[in-house]
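> What would the 3D arrangement of this be:
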Amino acid sequence: MTQKIIDPKDFLRKLFQAAFDAANPNLCVPANLPPPPKGRTLVVGAGKAAASMALAVENNWPGELSGLVVTRYGHGAPCRRIEVVEASHPVPDAAGQQAAKRILQSVQGLTEDDLVIALISGGGSALLSAPAEGLTLEDKQAVNRALLASGAAIQEMNCVRKHLSSMKGGRLAQACYPARVFTLVISDVPGDDPAVVASGPTVPDTTTREDALGIIRRYNIEVPPAVMNWLSSPESETPKADDPRLARCETRTVSTAQASLLAAAEVARTHGVTPLVLGDMIEGESADAGKVLAGLAKACAINGTPLAPPCVLLSGGETTVTLGQIKPGQTPRGGRNSEFLLALAIALDGMPGIHAVSGDTDGIDGSEDNAGALVTDDTLARARANGIDARHMLDVHDAYGFFHGIDDLIVTGPTLTNVNDFRAIYVEKKA
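Predicted coordinates:
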């Protein structure tokens, strides 16, 4: 196919749009709904996509239903029969704790004729805050903050979270027994393990409390004494696959990062650009990932390997930003996507014909108002013209300030879905 004349920024924005359109709950939820039960249908859930998933259930359910889901502030949807509660993410708050308590109360007294539809998506670990016995919300908040700053992978963070909760790691499913539990998952984790998404509240746990203790030691995380006391007790262990109370649970993953990458790849082909899907499981430090993928893009541009231009390198996953020691007066701003892009731009050093986008498909990169940002081959030159030192901004973890200063942030607002990060690096064909 002959390549069309492409505006790099417009092309990259179209790829990003295709990625989160593919994860739209209105498209992926209805076809995966179970048949109605003899008894009640109760909907519960947590995550950044929980409200939009609940609305998709309401619009496509043939009978009566009720329930409650909790989502991030600003990520609500106009449900009529399912109550939507908004709470804090990534650090839990009292609103999430109260919502979790009400969900646990709502599943008490169910019968084997009843059906619980659990709507689970990324972000649920913080939003569904139900501290285990003897722990407080403040304990959970302290551990969450420490985990977020530690550089731990999402699987490691959620292992710890499971063992500090009265709902995660399969405990919500236990509470629903003997009702049937049917879980729909929009995955935001590398590998799409439903036991990791939102810390798997309705899925048996394969990790142990010893694993959680090992992670705390590995990252030198300071935790409240009550947390260590709880993890030292056998009571902190999560339910496993042989627990009979989880025998009537079924889980179906309805949307993944890989599906979003494939949707973006198809858009690239329609523009005459050859896509290479690198996979949805890229992890590690955001800045390191930026350097590595910059090298791959350079190889395409210079050597035509692994693809000759025009081409686009597509990837997903969840990188991390380890803050380390923050000096007085420094305020880190931006998430893993903008930090990835800043490191990428520095590594490319203005190489002609290479452009990139990276963003979180939920519309929020870190704790700022942007989904991500764009890099073009003149990014560094425009920054210098505005008096912005790219290397300094990377050192102080202010990628948000960098891209804001050159007007290259992508601001979508909440997209009401979440399949984690999307990255695209476009390598133009030489004239």
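> Quick check: P204 vs P244, distance?
11 Å (Cβ to Cβ, to the nearest Å). All C-beta spots, glycine's among them, are computed from the backbone N, C-alpha and C.
> residue ranges of the helices in the stretch 1-150 of the chain, please?
Using DSSP state H, counting those that start in this stretch, the helices of the stretch 1-150 of the chain run over 8-21, 25-28, 50-58, 94-106, 124-127, 137-150.
> Kindly apply the preceding question to the stretch 301-431 of the chain instead.
336-348, 379-385, 390-395, 399-405.
> quick one: buried residues of the second one?
Spelled out, it's helix 379-385. 379-380, 383 (16 or more other Cβ atoms under 10 Å).
> Repeat that for stretch 331-342.
332-342.
> Measure how far it is from the centre of its chain, please.
15 Å (Cα atoms, centre = their mean, to the nearest Å).
> Can you tell me how far S260 is from F340?
Taking Cβ to Cβ, one finds S260 at 17 Å from F340.
> can you list the buried residues of stretch 331-342 in a markdown table and add pLDDT and distance to T322?
Shown next, in a markdown table, are the buried residues of stretch 331-342 (pLDDT from 0 to 100; distance: Cβ to Cβ, whole Å):
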| residue | pLDDT | distance to T322 |
| --- | --- | --- |
| P332 | 80 | 11 |
| R333 | 88 | 16 |
| G334 | 86 | 14 |
| G335 | 92 | 13 |
| R336 | 94 | 10 |
| N337 | 97 | 16 |
| S338 | 97 | 15 |
| E339 | 97 | 10 |
| F340 | 98 | 13 |
| L341 | 98 | 17 |
| L342 | 98 | 15 |
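> nearest spatial neighbour of A294, skipping sequence neighbours?
A347 (3.5 Å; Cβ to Cβ, 6 or more residues apart in numbering).
> Am I right that that neighbour is in contact with A289?
No: in this structure, A347 is not within contact of A289 by Cβ atoms under 8 Å, at 10.5 Å.
> Same drill for those two, tell me which one is more crowded.
A289 (24 against 17; other Cβ atoms under 10 Å).
> who touches the more buried one in this structure?
282, 319, 340, 343 (Cβ atoms under 8 Å, 6 or more residues apart in numbering).
> quick one: it from A301, how far?
Distance from A289 to A301, by Cβ to Cβ: 19 Å.
> now swap in V189 and tell me
32 Å.
> Next: A431.
For A431, the distance to A301 - Cβ to Cβ - is 13 Å.
> neighbour-wise, which of those two wins?
The neighbour comparison of A431 against A301 (other Cβ under 10 Å) goes to A301, with 20 against 5.
> what pLDDT does that one get?
Looking at A301, its pLDDT stands at 97.
> The residue lying closest to it once chain neighbours are set aside: what's it in contact with?
Take A301 and drop its neighbours on the chain: the residue closest to it by Cβ to Cβ, 6+ apart is V427, 5.2 Å away. Going by Cβ under 8 Å, 6+ apart, V427 touches 297, 300-301, 307, 309-313, 353-354.
> Please convert the residues you listed to JSON lines, extending it with distance to N59.
Shown next, in JSON lines, are these (distance: Cβ to Cβ, whole Å):
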{"residue": "A297", "distance to N59": "42"}
{"residue": "C300", "distance to N59": "44"}
{"residue": "A301", "distance to N59": "47"}
{"residue": "L307", "distance to N59": "41"}
{"residue": "P309", "distance to N59": "44"}
{"residue": "P310", "distance to N59": "40"}
{"residue": "C311", "distance to N59": "40"}
{"residue": "V312", "distance to N59": "35"}
{"residue": "L313", "distance to N59": "37"}
{"residue": "G353", "distance to N59": "45"}
{"residue": "I354", "distance to N59": "43"}
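> Buried among the residues you listed? Make that a ChimeraX selection.
Listed next is the ChimeraX selection for buried residues among the contacts of V427, using 16+ other Cβ under 10 Å:
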select :297,300,301,307,309,310,311,312,313,353,354
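> What segments of the stretch 151-300 of the chain are helices?
Under DSSP H, counting those that start in this stretch, the stretch 151-300 of the chain gives helices at 154-162, 171-176, 209-218, 225-231, 257-270, 286-303.
> Any idea which of the ones you listed gets closest to V196?
helix 154-162 (5.4 Å; Cβ to Cβ).
> Give me the neighbour count for the spatially closest residue to L147 that is not a sequence neighbour.
Nearest-residue entry for L147: M157, 4.5 Å, with adjacent residues in sequence omitted and distances by Cβ to Cβ, 6+ apart. M157: 23 surrounding residues under other Cβ under 10 Å.
> One more: G74?
13.
> contacting residues for it?
By Cβ under 8 Å, 6+ apart, the neighbours of G74 are 86, 413-414.
> roughly how far apart are it and V321?
For G74 relative to V321 (Cβ to Cβ), the value is 22 Å.
> Mind picking the one among the buried residues of stretch 331-342 that's closest to A126?
Using Cβ to Cβ, these come closest to A126 at G335, 14.7 Å.
> Give me the nearest residue to that closest one, chain neighbours excluded.
That would be G366: by Cβ to Cβ, 6+ apart, it lies 2.6 Å from G335.
> To G134, which of the helices of the stretch 301-431 of the chain lies closest?
helix 336-348 (33.4 Å).
> how many degrees apart are that closest one and helix 286-303 in direction?
40 degrees (axes from the mean of the first three to the mean of the last three Cα atoms, to 10 degrees).
> For helix 336-348, name the packing helices and strands.
helix 286-303, strand 354-360, strand 372-375, helix 379-385, helix 390-395, helix 399-405, strand 421-427 (3 or more Cβ pairs under 8 Å, 6 or more residues apart in numbering; DSSP states H and E).
> mind giving me the domain split of the protein?
8-21+257-427, 33-255 (automatic domain parsing).
> Format the ones you listed as TSV; extra columns: distance to L27.
Formatted as TSV, those follow (distance: least, Cβ to Cβ, whole Å):
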stretch	distance to L27
domain 8-21+257-427	8
domain 33-255	8
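> residue ranges with poor pLDDT in this protein?
1-4, 324-330 (pLDDT under 70).
> switch to 50 and redo it
1 (pLDDT under 50).
> about what we covered before: what's the closest of the helices and strands packed on helix 336-348 to L128?
That would be, of the helices and strands packed on helix 336-348 and by Cβ to Cβ, strand 354-360, which comes in at 19.7 Å.
> That'll do, ta.
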